[in-house]
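Can you look at this prediction? I've put the sequence above it.
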Amino acid sequence: MKKSFLLFIALGLLFLTCSKKEETSKKEENPFFSKFNTVFNVPPFDEISEEHYMPAFKEGMRQQQEEIVAIADNPNPPSFENTLEALEKSGALLQKVSNVFGVLNGSMTNDHMQEIAKEAAPLRSKHRDDIMLNEKLFQRIKGVYDQRDKLDLTVEQNTLLEKYYKDFVRGGANLDEEKKAKLREINQELSLLTLKFGENILKENNRFEMVIEKEEDLAGLPQAVITGAAEAAKERGHEGKWVFTLHKPSMIPFLQYSERRELREKIFKAYINRGNNNDELDNKANLSKIAALRVERANLLGYKTHADFVLELNMAKKPENVYNLLNQLWKPALKIAKKEAGELQAMIHKEGKDFELQPWDWWYYAEKLKKAKYELEEEVLRQYFKLENVRDGAFYVANKLYGLQFIERDDIPKYHEDVKVFEVKEADGSHVGVLYTDYFPRASKRGGAWMNSFRKQYRLDGKEVHPVITNNGNFSKPTGGKPALISFEDVSTLFHEFGHALHGLLSDCTYNRLSGTSVPRDFVELPSQIMENWVTEPEVLRVYAKHYETGEVIPHELVDKIKKAAHFNQGFATVEYLAASFLDMDWHTLTEAKELDPIEFENKSLEKIGLIPEIVVRYRSPYFNHIFSGGYSSGYYSYIWAEVLDADAFEAFKETSLFDQKTALSFRRNILEAGGTEDPMVLYKRFRGAEPKVESLLKKRGLK
Ligand SMILES: [Zn+2]
């Protein structure tokens with residue numbers, strides 16, 4: 001998915017018993033219990049029915065539990081082969097069913113599938129706990145780890161060993177019983193507090209409504225926005241009126257278009273005060289307790305701060321490295337943001353008004369300025385972006401870079417008629433893997449765009465297992481005799497997901513756990529985001545951006561406008577984002593487990609960097625769900641970290657040529673093929689010859 005991603009959890013599995021009789025009768029007809037007898041062994045979709053999942057999950061967990069016991073009870077001294085490699089080989093059935101279910105629950109879900117997911121979740125988490133809390137198993141892994149220097153392991157084997165070992169240690173395996181009990185207590189309290197934090201925000205979002213009664217208060221709003229507000233009013237029992245809420249699709253257009261300044265202020269202030277109203281939904285006490293407990297846990301596990309604990313696994317490694325990046329970007333971004341504020345203020349004066357620009361004015365005047373400067377007709381643009389052409393454009397780039405061929409096949413099973421299946425081959429014709437593209441929306445599919453795998457690449461006992469990858473989107477379907485014509489944003493999204501697909505397809509790893517996209521969060525978007533850079537290159541546009549009727553290549557002026565519009569308001573966007581990243585890091589580099597006044601803390605944090613009053617940090621602490629409820633604590637920086645990487649990496653092509661073969665081969669070997677087998681910074685430096693620099697990103701965002 002763009003920005004968020006399903007990372008495969010090799011051990012995230014479950015256990016349950018099932019009567020012998022039930023097992024045998026179902027085994028015979030359950031396709032998960034035998035080898036997939038299809039072209040390239042893709043899942044036999046026409047044979048799989050929903051009844052097959054639960055028995056396969058349960059049997060898969062039972063099998064793995066048996067395998068784990070055998071590994072833990074092995075009478076021989078622990079070795080890499082009889083412990084780590086054995087762990088890697090365990091749970092094959094569970095993985096098989098998890099992969100298929102995971103993909104289809106995203107693309108072809110229904111109530112029953114969601115019930116199965118709900119039923120399986122606690123079983124899987126118990127199964128995982130049973131593995132992670134197996135003391136004998138940990139002692140064997142530790143046994144191998146302690147003698148790792150003498151074992152003559154390959155780099156990949158070393159990484160695998162470290163990964164398993166750290167998983168256990170970070171879960172508290174090395175602590176004494178008293179500390180283990182303390183850790184469990186902290187974890188439990190944290191899980192309740194973070195859950196409560198998220199629930200409060202959800203309720204805050206739903207509680208507020210701005211009911212508009214007079215038609216003149218709709219001034220400036222486009223018809224589609226008004227219609228949406230009328231529908232929302234009807235749903236909420238205010239028929240004949242209009243309702244706006246704090247949900248972004250409702251609030252943002254209001255801020256962009258409403259001429260009623262006092263109403264913009266009202267909704268904006270409600271938004272930025274969520275979780276901060278000193279009532280039952282207030283999150284201030286929750287979040288300061290969360291931050292304090294995280295410090296306590298980090299200290300217990302031997303880390304100075306929570307950020308040190310989290311970042312250890314990321315490319316960034318240490319809080320200093322994150323701060324260093326944020327600081328480098330902050331000054332130039334703030335400078336541009338101030339310039340933008342000046343332009344907006346000038347526009348206010350030009351309208352004959354004399355108020356000072358406030359945060360609730362920014363969206364409104366930015367929209368006006370954008371319209372005046374670079375009006376882009378979405379509908380005109382679309383005519384140059386026929387879906388099949390765009391997809392072939394992405395294939396063309398992969399062909400020019402890596403020699404890959406994409407051959408559409410109609411003899412490979414698929415799970416929906418809208419899906420297309422491609423065999424991917426090397427230049428010499430040898431088989432790489434299979435790519436499923438599933439681009440159209442339907443009721444059974446979740447929103448957004450993402451990449452996933454029916455099967456990841458790895459090598460088992462020297463035998464190559466080829467990847468089966470999917471790319472999903474929700475792009476415009478063909479309508480009224482016209483082919484599927486997609487927006488420019490969707491063109492970028494298609495290339496982006498295709499980049500993730502290449503990461504999965506070109507993976508060349510021994511172990512499943514390290515292969516393909518199984519890399520740290522601040523590294524995983526490099527292969528995807530770099531692909532977006534080819535989208536607007538004239539040489540590539542000539543291949544794919546042709547008018548769907550006339551075949552005329554997209555005019556230069558239009559491309560120019562797209563590029564310029566991409567720089568618009570980037571000072572604001574970057575500053576708003578960076579301020580939130582600083583705030584995240586500040587909360588998680590506390591060294592003392594002490595509860596603080598969140599608002600005072602936040603003010604100090606933002607004052608320190610000099611945030612201007614016209615811009616509010618993208619997430620204020622009481623509703624910063626990413627870090628206090630989601631999994632992004634000390635990780636909000638990773639979006640821009642990945643952008644620095646992709647801009648800097650693409651520079652290597654610009655310094656040579658767009659399809660320079662030496663650079664492409666180096667990117668393939670060091671990044672795409674390597675998966676998670678080695679430290680990402682080592683891999684990156686091997687490709688680029690140096691650590692990434694921020695200059696290319698500053699240029700790309702128009703901040704320099
Ligand atoms: Zn992505």
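Okay, I see it. These figures come from a predicted structure and were not determined experimentally.

Find the nearest non-adjacent residue to the residue of the chain found nearest the ion, please.
Here the chain gets closest to the ion at one residue, residue 528, 4.1 Å apart by C-beta to the ion. C-beta here means a position set from N, CA and C on the backbone, and glycine is covered the same way. The shortest distance from residue 528 to any non-neighbouring residue, by C-beta to C-beta, 6 or more residues apart in numbering, is to residue 499 (3.7 Å).

which stretch of helix or strand covers the one you found?
helix 488-505 (DSSP states H and E).

Centre of the chain to the helix or strand following that helix, how far?
Next helix or strand after helix 488-505 toward the C-terminus (DSSP H and E): helix 526-532. A distance of 13 Å separates the centroid of the chain from that of helix 526-532, by C-alpha atoms, centre = their mean, to the nearest Å.

wait, residue 282 sits on residue 275?
Yes: in this structure, residue 282 is within contact of residue 275 by C-beta atoms under 8 Å, at 6.2 Å.

so what's the backbone phi/psi at residue 407?
Per-residue torsions, residue 407: phi -110, psi 120 (degrees, to the nearest 10).

Local confidence estimate at it?
For residue 407, the pLDDT comes out at 98.

Could you do residue 25 as well?
Turning to residue 25, the model gives it a pLDDT of 45.

sorry, back to before: of residue 282 and residue 275, who's got more company?
Taking other C-beta atoms under 10 Å, residue 282 and residue 275 do not tie; residue 275 has more neighbours (24 against 16).

in what helix or strand does the more buried one lie?
Using DSSP H and E, residue 275 sits in no helix or strand.

ok, now which ones touch it?
Going by C-beta atoms under 8 Å, 6 or more residues apart in numbering, residue 275 touches 197, 200-201, 204, 281-284, 622-623.

Please tell me which one of those counts the most neighbours.
Going by other C-beta under 10 Å, residue 283 tops the contacts of residue 275 with 29 neighbours.

and that one, what is it in contact with?
197, 200-201, 275-276, 621-623, 628.

With secondary structure, pLDDT and distance to the ion as extra columns, can I get those residues in a markdown table?
Shown next, in a markdown table, are those (DSSP: H, G, I helix; E, B strand; the rest coil; pLDDT from 0 to 100; distance: C-beta to the ion, whole Å):
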| residue | secondary structure | pLDDT | distance to the ion |
| --- | --- | --- | --- |
| 197 | helix | 95 | 26 |
| 200 | helix | 95 | 29 |
| 201 | helix | 93 | 24 |
| 275 | coil | 98 | 29 |
| 276 | coil | 98 | 32 |
| 621 | helix | 98 | 27 |
| 622 | helix | 98 | 29 |
| 623 | helix | 97 | 24 |
| 628 | helix | 96 | 23 |
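
where's the residue of the chain closest to the ion relative to residue 642, distance?
Computed as C-beta to C-beta, to the nearest Å, the residue 528 to residue 642 distance reads 9 Å.

what about these two, which has more around it?
Neighbour totals were compared for residue 528 and residue 642, and residue 528 leads with 26 against 22 (other C-beta under 10 Å).

Over to the residue of the chain most remote from its centre: give its phi and psi.
The C-alpha centroid of the chain is most remote from residue 352, which lies 44.7 Å away (C-alpha atoms, centre = their mean). Main-chain torsions, residue 352, degrees, to the nearest 10: phi 80, psi 20.

right, and residue 208 touches residue 268 too?
No: with contact defined as C-beta under 8 Å, residue 208 does not count as touching residue 268 (11.5 Å).

now the helices: where do they sit in the stretch 601-704 of the chain?
Ranges of helices in the stretch 601-704 of the chain, per DSSP state H, counting those that start in this stretch, are 625-628, 638-655, 661-667, 680-688, 695-700.

Give me whichever of those helices is most buried.
Comparing the helices of the stretch 601-704 of the chain by mean neighbour count (mean count of other C-beta atoms under 10 Å), helix 625-628 ranks first with a mean of 22.

list the helices and strands that helix packs on?
Counting contacts by 3 or more C-beta pairs under 8 Å, 6 or more residues apart in numbering; DSSP states H and E, helix 625-628 packs against helix 177-207, helix 284-300, helix 570-588.

following the worst-scoring helix or strand of the chain on mean pLDDT, which helix or strand comes up?
Ranking every helix and strand in the chain by mean pLDDT, DSSP states H and E puts helix 20-29 at the bottom, with a mean of 53. Counting by DSSP H and E, the next helix or strand C-terminal to helix 20-29 is helix 53-72.

Buried residues of that next one, list them for me.
Residues of helix 53-72 classed as buried by neighbour count (16 or more other C-beta atoms under 10 Å): 53-65, 67-68, 71-72.

same deal with stretch 101-116?
For stretch 101-116, burial by neighbour count (16+ other C-beta under 10 Å) applies to 101-109, 113, 116.

what's that stretch in contact with?
6, 50, 53-54, 57, 117, 120, 415-416, 438, 444-446, 450, 452-454, 470, 472.

if you set the cut-off to 6 Å instead, what comes out?
Outside stretch 101-116, the residues that touch it by C-beta atoms under 6 Å, 6 or more residues apart in numbering are 50, 53, 117, 415, 438, 444-446, 452, 454, 470, 472.

Could you do stretch 81-93 as well?
13, 60, 63-64, 67, 71, 74, 140, 144, 160-161, 511.

repeat for stretch 481-489
Residues outside stretch 481-489 that contact it (C-beta under 6 Å, 6+ apart) are 381-382, 385-387, 475-478, 548.

any idea which helix or strand comes after the longest strand along the chain?
Identified as the longest strand of the chain according to DSSP state E is strand 431-438. Per DSSP H and E, the first helix or strand lying C-terminal to strand 431-438 is strand 450-455.

List the pairing partners of whichever helix or strand comes after that following strand within its sheet, with orientation.
Per DSSP H and E, the first helix or strand lying C-terminal to strand 450-455 is strand 458-460. Strands that pair with strand 458-460, judged by DSSP bridges, come out as strand 463-465 (antiparallel).

Tell me the helix or strand right after the partner strand.
Using DSSP H and E, the first helix or strand after strand 463-465 is strand 468-472.
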